[in-house]
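Asks: sequence plus the predicted model coming up.
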Amino acid sequence: MTDRLKHKSCIVTGGARGLGRAIAEAFINEGASVLITDIDEAAGVKTAQEIGAIFAAQDVTDEARWPEIVALCQSEFGGLDVLVNNAGLAQIGEGLSPEDSELGSWRNMFQVNVEGVFMGCRAALPALRKQGGGSIINMSSVASLVPTPFFTAYGASKAAVTHLSTSVALHGAPDKIRCNSVHPGQIQTHMHNDIVKDAATKAGAPLDVVEADFASRIPMGAFQQAGDIANMVVFLASDDSAHITGTQMVVDGGMQLSN
């Protein structure tokens, strides 16, 4: 613990489990006050109790809920310094190509992954300006930087997040509000495990064989852990990155290089 985030008030969406929980816990270990939100209320309450955060139920696609979340952070902690837009959806497998994707699935993906992030940025900007600046960190994906014909909607939605982040960065720069996107590769979380299980089922192959196949596509030969990504997010939330904005921070073990 180095107290890099001491006196900072932070919101982490999708914070009940997986990457969101790892980010929230890393923030707390660095001295931050953290409000985690999640659509899963039971898991969110449990996580908040375990890591020392506070919790509020939130569906990031609910426009009216966003100002309430920001106001709660301000009332509990005295302001807002950092927003991490982490909540999102992922799909992979058959029927997700540009030719086969269903419009309903496409719209659902964009509603959560893009509209949710947009509304988060919009709600946070006035609060961050009031604080004299701050940091917005949007979770994108390496899928936004390479072709993804096997999960078209997901890749396109994350590409939209990447572009949105640069626009928010330029808009917020005069007020010392930074915005960056983080691009993980394959992280071993519950979401990753679900994707691997689904791929194994559809391929009729053993789980360990599919897992090994996924890992073989990473030049460094190993999946990222949630803590690897959390370390990058802590850096972007801290004053160590005071002049970094509008960037795409890739943490993928070299996956982008092999595409």
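Replies: Okay, I see it. Numbering: from 1, shown residues only.

Asks: contacts made by stretch 244-258 with the rest, please.
Replies: Contacts to stretch 244-258, defined as Cβ atoms under 8 Å, 6 or more residues apart in numbering, come from residues 140, 142, 145-146, 162, 165-166, 169-170, 172-173, 178-186, 217-224, 228-229, 232, 236. The C-beta positions use only the backbone N, C-alpha and C, and glycine is treated the same way.

Asks: which segments of this protein make up each domain?
Replies: Annotated domains of the chain cover 9-187+224-250, 188-223 [automatic domain parsing].

Asks: which among the contacts of stretch 244-258 count as buried?
Replies: Buried by 16 or more other Cβ atoms under 10 Å: 140, 142, 145, 162, 165-166, 169, 172, 178-186, 218, 223-224, 228-229, 232, 236, out of these.

Asks: in strands, which of the contacts of stretch 244-258 fall?
Replies: When DSSP state E defines the strands, the subset of the contacts of stretch 244-258 inside them is Arg178, Cys179, Asn180, Ser181, Val182, His183, Pro184.

Asks: pull the most distant pair out of those residues.
Replies: Arg178 and Pro184 (19.5 Å; Cβ to Cβ).

Asks: nearest residue to Gly20 other than its sequence neighbours?
Replies: Closest residue to Gly20 apart from its sequence neighbours, by Cβ to Cβ, 6 or more residues apart in numbering: Gly14 at 4.0 Å.

Asks: check Glu25 too.
Replies: In this structure, Glu25 finds its nearest non-sequential neighbour in Ile51, 4.7 Å apart by Cβ to Cβ, 6+ apart.

Asks: does the one you found really touch Ile28, like I thought?
Replies: Yes - when contacts are counted by Cβ atoms under 8 Å, Ile51 is listed as touching Ile28 (5.7 Å).

Asks: list residues touching both of those two?
Replies: Shared contacts of Ile51 and Ile28, counting by Cβ under 8 Å, 6+ apart, come down to Val34.

Asks: who does the one helix or strand Ile137 maps to touch, helix- and strand-wise?
Replies: Under the criterion of DSSP states H and E, Ile137 resides in strand 134-139. Judged by 3 or more Cβ pairs under 8 Å, 6 or more residues apart in numbering; DSSP states H and E, strand 134-139 is in contact with strand 82-85, helix 116-130, helix 152-172, strand 177-184, helix 226-237.

Asks: got the buried residues for the longest one?
Replies: When neighbours are counted by 16+ other Cβ under 10 Å, the buried residues of helix 152-172 are found to be 152-162, 164-166, 168-169, 172.

Asks: try the second one
Replies: Using 16+ other Cβ under 10 Å as the burial criterion, the residues of helix 116-130 that qualify are Gly116, Val117, Phe118, Met119, Gly120, Cys121, Ala123, Ala124, Leu125, Ala127, Leu128.

Asks: quick check, nearest of those to Trp66?
Replies: Distance to Trp66, by Cβ to Cβ, is smallest for Ala123 among those, at 4.0 Å.

Asks: in what helix or strand does the nearest residue to that closest one once chain neighbours are set aside lie?
Replies: With sequence-adjacent residues excluded and distances taken as Cβ to Cβ, 6+ apart, Ala123 is closest to Trp66, at 4.0 Å. Here Trp66 sits within helix 65-77, counting by DSSP H and E.

Asks: which residues touch that helix?
Replies: Contacts with helix 65-77, where a contact means Cβ under 8 Å, 6+ apart, come from 9-11, 33, 35, 37, 54, 56, 58-60, 79-80, 119-120, 122-124, 127.
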